[in-house]
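Asks: sequence? don't have it. structure:
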């Protein structure tokens, strides 16, 4: 068994794209998830070079150094927590990261800040705000339901954080989005 670490795999569509490229090359994929591919055997240097060549134009990159792998894992855990898991008020992000990555949170935090030039907390907030935008555009949940789903203590706190990051209130963002959409018959 061999593990490849791939940068920028952030969604299920990314997994499908990478899976498709691995299949074309003929690599024996045992498991694939955000940022990681488990192969049945170690790829040859030629196979790795071919894979790198096809992944780069698609926005992906094979990660070889340990620090970059840890950073990518931090990002993928945060993306999973924000975009794919249900509300869990009992667990802090620092506990989740420490448990999943088997490192002390202070080490992870310092490494992330050093390499990315921002904090884990700011990255986490940016992901949450992107999720809020997505949910506002879908228009299926109230702001109160969105706040609950994303573990905000209140709608006011969500609104303040949203405005701080985007410069807009959630309702203004939603209004702008609606103003830009045209009915299909006007396109």
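Replies: That came through, no problem. The model shown is predicted, which means the values in this text are computed figures rather than measured ones.

Asks: When you work out contacts or count neighbours from here on, use the C-alpha atoms and nothing else.
Replies: Fine.

Asks: give me the low-pLDDT residue ranges for the chain?
Replies: 87-89, 178-187 (pLDDT under 70).

Asks: Three-state assignment for the residue nearest to residue 168 when sequence neighbours are not counted, please.
Replies: Nearest residue to residue 168, sequence neighbours excluded (C-alpha to C-alpha, 6 or more residues apart in numbering): residue 162, at 7.0 Å. The local conformation at residue 162, judged by DSSP: H, G, I helix; E, B strand; the rest coil, is helix.

Asks: what sits against residue 162?
Replies: Counting by C-alpha atoms under 8 Å, 6 or more residues apart in numbering, residue 162 makes contact with 129, 168-170.

Asks: Of the residues you listed, which belong to helices?
Replies: 129, 170 (DSSP state H).

Asks: Kindly confirm my reading that residue 3 is in a strand.
Replies: Yes: counting by three-state DSSP, residue 3 is located in a strand.

Asks: domain ranges for the protein?
Replies: The record assigns the chain these domain ranges, following automatic domain parsing: 1-64, 65-187.

Asks: How far off centre is the first one?
Replies: Mean C-alpha position of domain 1-64 versus that of the full chain (C-alpha atoms, centre = their mean, to the nearest Å) differs by 17 Å.

Asks: Would you mind measuring the gap between the ends of that domain?
Replies: With C-alpha to C-alpha, to the nearest Å as the measure, the ends of domain 1-64 fall 17 Å from one another.

Asks: can you pull out the helices in this structure?
Replies: Secondary structure of the chain (DSSP H): helices at 12-25, 45-55, 66-79, 93-101, 105-116, 120-138, 143-149, 155-166, 170-180.

Asks: that older thread, quick check: the gap between the residue nearest to residue 168 and residue 8.
Replies: Counting by C-alpha to C-alpha, the gap from residue 162 to residue 8 is 24 Å.

Asks: Repeat that for residue 167.
Replies: Counting by C-alpha to C-alpha - residue 167 and residue 8 are separated by 27 Å.

Asks: Enumerate every residue touching residue 73.
Replies: 35, 101.

Asks: repeat for residue 132
Replies: So residue 132 contacts residue 146 (C-alpha under 8 Å, 6+ apart).

Asks: same thing but 10 Å
Replies: Neighbouring residues of residue 132 by C-alpha atoms under 10 Å, 6 or more residues apart in numbering: 82-83, 126, 138, 143, 146-147, 149-150, 158-159, 162, 170.
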